[in-house]
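Asker: Starting from these lines, generate the structure:
(one chain, ligands or ions: 1)
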Amino acid sequence: MVSFPARRGDDLTNLAAGRPVAASSSQLFNGAGRAVDGDLGTRWASSWSDNQWLRVDLGSVRQVGRVALAWEAAYARSYRVEVSTDGATWRSAWSTSTGDGGTDVVSFAPQQARYVRMYGLTRGTSYGFSLWEMSVYAQ
Ligand SMILES: [Ca+2]
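Answerer: Residues are numbered from 1 along each chain as shown. The predicted structure is shown next:
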């Protein structure tokens, strides 16, 4: 887990809360929307294969500088946090190949983006990728 303490005056609004989401795959009863419903008891889960993603649409281009990912037991070993202004061209804002589950709070140089996605490259278990919640912040 990597964490950066917030400072007084920081905007702590979760830009992903309740926003439209899409995923490369979802399990029945564990749809993509469950990763942004603000409930740490509901989750998104992908099919049981590598290279799966979950994308949130912030609604407009915003400053994005921090993403929190609360992994269920089915975590990602390697994944990227990617951002896009148009949903078509993506750039990596942060990545790891040593993911160990739990909650990852990742910070990076703030950038302008409308879409943010978790791109799971390899799984930590034989199951899929599963997130209780993914939240996005300006900084
Ligand atoms: Ca949830």
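Asker: Give the full set of residues in contact with the residue of the chain found nearest the ion.
Answerer: Relative to the ion, the nearest point of the chain is Thr42 (3.8 Å; Cβ to the ion). Yep, even glycine has a C-beta here, placed from its N, CA and C like the rest. For Thr42, the contact set (Cβ atoms under 8 Å, 6 or more residues apart in numbering) comprises Asn30, Arg34, Trp132.
Asker: and what of Trp90?
Answerer: Residues near Trp90 by Cβ under 8 Å, 6+ apart: Glu82, Val83, Ser84, Tyr115, Arg117, Tyr119.
Asker: Ser92: which of these is nearest?
Answerer: Nearest to Ser92 out of the contacts of Trp90 is Glu82 (Cβ to Cβ; 5.4 Å).
Asker: Over to that closest one: give its phi and psi.
Answerer: The phi/psi pair for Glu82 (degrees, to the nearest 10) reads phi -120, psi 150.
Asker: Could you do Glu72 as well?
Answerer: Note on Glu72: backbone dihedrals following degrees, to the nearest 10 are phi -80, psi -180.
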